[in-house]
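1. Sequence and predicted structure below; questions after.
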Amino acid sequence: MDVRKVVVVVEEVEAARTALQWALHNIIRYGDIITLLHLYPFTSKSKSKSRLLRLKGFHLALSFQDICNKFSNTKVEIVVTQENKEGMKIVGTVRDIGASMLVVGLHDQSFLYKLAMGNNNISRYFNCRVIAINQPPIMSPQTHQSPMVSSLGVLDTSANMDFSHIHISGLQVPDTPSPKVKYQICPDPTAIIWRLKKSRRR
């Protein structure tokens, strides 16, 4: 069985944690290498600011590693790097790692949306399967669809791109009453009275 490299984008949003947990439950298999990839924002200010952002990103990645550690036989790597001005650093990093799969938690500021809005065909950027995990909020009938969500159609229609858009919704299990016990056997052992019969004399 070939060893797969699965890259999970680490972000300080609940969608990213949901995506990691979904991947651990559904696609990660024995021997796979999980790369937790975090990109902190590009800054042209002092180096101390960049170091603080890198340190914060590393601690965030460690919290994601704690989630992985709850699953046995998981191999985890952490990559923390700075985003570039063009916003394409994550694409280049995934290609350099040689990932066979990229797992992303979708949210309003997801880089996938930004790529889709600025490019008609983003399939040329990826050489691996892309799995986008989305836990949609509860929407009223009057709520209009966000233009960000409609832009995802550019991803879905890319013929040369192995893309999966997965919606997660909570499963509500109805309350079931506890089964009734018809007969209560030996409720109190001290209440049992042993009665010995006298043996008949021959």
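-> Arrived safely.

2. Contacts for the helix ranked longest in the chain next, please.
-> When the chain is parsed with DSSP state H, its longest helix is helix 47-69. Applying C-beta atoms under 8 Å, 6 or more residues apart in numbering, the contact partners of helix 47-69 are 8, 10, 12, 16-17, 20-21, 24, 34, 36, 38-41, 43, 74, 76, 78, 80, 82. C-beta: built from backbone N, CA, C; applies to glycine.

3. Could you pull out the helices in this structure for me?
-> So, for the chain - with DSSP H - the helices run 14-26, 47-69, 89-97, 111-118, 147-150, 153-156.

4. will you turn those into JSON lines that also has mean neighbour count?
-> As requested, the helices of the chain are exported to JSON lines (neighbours: other C-beta atoms under 10 Å):
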{"stretch": "helix 14-26", "mean neighbour count": "18"}
{"stretch": "helix 47-69", "mean neighbour count": "14"}
{"stretch": "helix 89-97", "mean neighbour count": "17"}
{"stretch": "helix 111-118", "mean neighbour count": "17"}
{"stretch": "helix 147-150", "mean neighbour count": "12"}
{"stretch": "helix 153-156", "mean neighbour count": "16"}
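
5. remind me which residues of the chain are low pLDDT?
-> By pLDDT under 70, the weakly predicted segments of the chain are 1, 85-87, 118-121, 136-163, 167-202.

6. and if we set it to 80?
-> 1, 43-46, 73, 84-87, 114-124, 135-202 (pLDDT under 80).

7. before we move on, back to that, relative to residue 128, which of the helices of the chain is closest?
-> helix 89-97 (6.6 Å; C-beta to C-beta).
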